[in-house]
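>>> Let me see the structure of the following:
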Amino acid sequence: LAAGLGALALACAAWPDRMALLARLLPVAGDLLLAAHFGATLRPGREPLISRYTRHDAGSRLSECAGYTRGLTWLWTLVFLAAAPLHAAALLGLPPFQAPASAPLVLGITGALMLALFLGEHVIRTLRFPQFGIATPARTLRAVLAATLAHHA
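Numbers count the residues shown, from 1 in each chain. Predicted structure coming up:
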């Protein structure tokens, strides 16, 4: 492990420009990882990610939610896939994002849109499935944590 960390430190020292570029593009890597995480659950024979969270929230896999949660998982996969090139262009200062304030502005706007989508989905879910009670971000985050812990147990 120490030898590997030493080699990594030498590589970072040898290529500071490349390491700075990689660090600057970490948000893009996050977008792609989240898209892959959501998308991987859409493969045949796998439970869509949102279904897993819904099951942990409601206590069982709900057949009436299956289509809804599959569509929502697709939506989040596509949102993160669309955000990745947009964030890369802004972070690298590519056209039309050459202005110095472009990257923070683009990241802020897309972050706000993702937050609005996340919160809006709770309203839609509450209206569409009133039998499950009020969908709140806190319930969703608890379900995400429960599903993650159960998956890794």
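>>> Quick check: nearest residue in space to the spatially most central residue of the chain, chain neighbours excluded?
Compute the mean C-alpha point of the chain, and by Cα atoms, centre = their mean the closest residue is residue 34, 3.8 Å away. Distance criterion Cβ to Cβ, 6 or more residues apart in numbering; nearest residue to residue 34, sequence neighbours excluded, is residue 80 at 4.5 Å. Bear in mind the C-beta positions are built from the backbone N, C-alpha and C, glycine included.
>>> SS state for that neighbour?
Counting by DSSP: H, G, I helix; E, B strand; the rest coil, the backbone at residue 80 sits in helix.
>>> need the contact list for it.
Residues near residue 80 by Cβ atoms under 8 Å, 6 or more residues apart in numbering: 31-32, 34-35, 38.
>>> What subset of the residues you listed is buried?
Buried by 16 or more other Cβ atoms under 10 Å: 31-32, 34-35, 38, out of those.
>>> could you dump those to a markdown table with secondary structure, distance to residue 130 and pLDDT?
A markdown table is the format used below for the buried ones among the contacts of residue 80 (DSSP: H, G, I helix; E, B strand; the rest coil; distance: Cβ to Cβ, whole Å; pLDDT from 0 to 100):
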| residue | secondary structure | distance to residue 130 | pLDDT |
| --- | --- | --- | --- |
| 31 | helix | 33 | 93 |
| 32 | helix | 36 | 92 |
| 34 | helix | 29 | 91 |
| 35 | helix | 31 | 93 |
| 38 | helix | 26 | 87 |
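>>> Redo these as JSON lines? Include distance to residue 50.
Below are the buried ones among the contacts of residue 80 laid out as JSON lines (distance: Cβ to Cβ, whole Å):
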{"residue": "31", "distance to residue 50": "18"}
{"residue": "32", "distance to residue 50": "19"}
{"residue": "34", "distance to residue 50": "13"}
{"residue": "35", "distance to residue 50": "14"}
{"residue": "38", "distance to residue 50": "8"}
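>>> quick check, nearest of those to residue 131?
Using Cβ to Cβ, residue 38 comes nearest to residue 131 of these, at 25.6 Å.
>>> Tell me how far that closest one lies from residue 29.
The gap separating residue 38 from residue 29 is 15 Å, by Cβ to Cβ, to the nearest Å.
>>> Check which element follows the helix or strand residue 72 falls within along the chain.
For residue 72, the host element (DSSP states H and E) is helix 66-92. Next along the chain after helix 66-92, taking DSSP H and E as the criterion, comes helix 102-128.
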